[in-house]
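Enquirer: show me the folded form of this:
(one chain, ligands or ions: 1)
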Amino acid sequence: MSKISRLEKTLFRLQAQHACLAYAFGEIAARPGPVVELGLGLGRTFSHLRHHLPEREIYVFDRANGAYADCQPDPALLFLGEVDETLPALHDRLAGKVVLANADLGSFDREQNRRVAAMCARVLPPVMAPGGIVMSDLPLEMAGFAPLPLPPGARDGSYHLYRRQP
Ligand SMILES: C[S@@+](CC[C@H](N)C(=O)[O-])C[C@H]1O[C@@H](n2cnc3c(N)ncnc32)[C@H](O)[C@@H]1O
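Expert: You can find the predicted model right below:
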């Protein structure tokens with residue numbers, strides 16, 4: 001049995017997302033460039049991104065659009081399908097430009113999470129700008145990226161932060 005309950009795991013993930021997003025907003029404030037949201041889900045983190053980054057292009061990815069009615073992305077920036085196909089398909093538009101990516105693709109299936117983390121670590125680096133921030137619910141092994149300490153309010157291991165080295 002896991003040391004923490006599912007409720008706590010979800011609670012800690014949401015707290016960490018909130019803290020990491022606040023940190024990332026400060027980090028990218030002076031850096032122009034698009035933002036990527038991997039895992040629209042119900043649209044909660046997308047809604048937070050849009051609220052705090054109203055001028056940014058936010059590219060959103062998921063298999064299907066299950067977001068709340070008030071959390072709907074711009075249809076022109078919503079890409080439905082498998083991320084390992086939809087994100088690389090935008091290479092010409094995004095390569096080396098993304099200043100913030102939030103990957104929230106994990107589930108409670110450990111094996112699936114291993115596959116998803118490996119996929120993210122493959123498809124995210126080509127689109128990231130030098131100095132760009134990657135936030136992820138799963139740990140990612142990405143060459144050329146330095147792990148960052150989590151900001152106050154985020155428990156160790158509940159989220160993961162990386163910066164692309166210049
Ligand atoms: C935890 S939910 C995202 C929650 C969302 N960020 C929110 O705040 O409401 C994970 C989402 O990732 C999507 N997903 C997982 N793996 C995917 C993949 N390989 N390609 C596309 N979507 C994927 C699922 O469909 C699901 O909607």
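
Enquirer: helix or strand for the most centrally placed residue in the chain, which one?
Expert: Centroid check for the chain by Cα atoms, centre = their mean gives residue 102 as the closest residue, at 1.2 Å. Following DSSP states H and E, one finds residue 102 within strand 98-103.

Enquirer: pairing partners for that strand, with directions?
Expert: Partner strands and pairing direction for strand 98-103 (DSSP bridges) are strand 35-38 (parallel), strand 128-136 (parallel).

Enquirer: show me the contacts for the residue nearest to residue 107 when sequence neighbours are not counted.
Expert: Nearest residue to residue 107 in three dimensions, chain neighbours excluded: residue 113, at 6.5 Å (Cβ to Cβ, 6 or more residues apart in numbering). Quick note: C-beta positions are derived from backbone N, CA and C, even for glycine. Residues in contact with residue 113 (Cβ atoms under 8 Å, 6 or more residues apart in numbering) are 106, 107, 138.

Enquirer: possible to save those residues as CSV with distance to residue 147 and secondary structure?
Expert: As requested, those are arranged in CSV below (distance: Cβ to Cβ, whole Å; DSSP: H, G, I helix; E, B strand; the rest coil):
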residue, distance to residue 147, secondary structure
106, 17, coil
107, 23, coil
138, 13, coil
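
Enquirer: how confident was the prediction at whichever residue of the chain sits closest to the ligand?
Expert: Nearest residue of the chain to the ligand, counting by Cβ to the nearest ligand atom: residue 41, 2.4 Å away. On pLDDT, residue 41 comes in at 98.

Enquirer: run a quick neighbour tally on it.
Expert: 17 (other Cβ atoms under 10 Å).

Enquirer: wait, a helix at it?
Expert: No - assessed with DSSP: H, G, I helix; E, B strand; the rest coil, residue 41 is coil; it does not lie in a helix.

Enquirer: in the protein, which spans are helices?
Expert: Applying DSSP state H to the chain gives helices spanning 6-28, 44-52, 83-86, 91-94, 110-123.

Enquirer: looking at these, which is closest to residue 64?
Expert: helix 83-86 (12.0 Å; Cβ to Cβ).

Enquirer: buried stuff in that closest one?
Expert: 83, 86 (16 or more other Cβ atoms under 10 Å).

Enquirer: tell me who's in contact with the closest residue to residue 83 other than its chain neighbours.
Expert: Of all residues not flanking residue 83 in the chain, residue 61 sits nearest, at 5.1 Å (Cβ to Cβ, 6+ apart). If you count contacts by Cβ under 8 Å, 6+ apart, residue 61 has them with 36, 37, 38, 39, 40, 78, 79, 80, 83, 86, 87.
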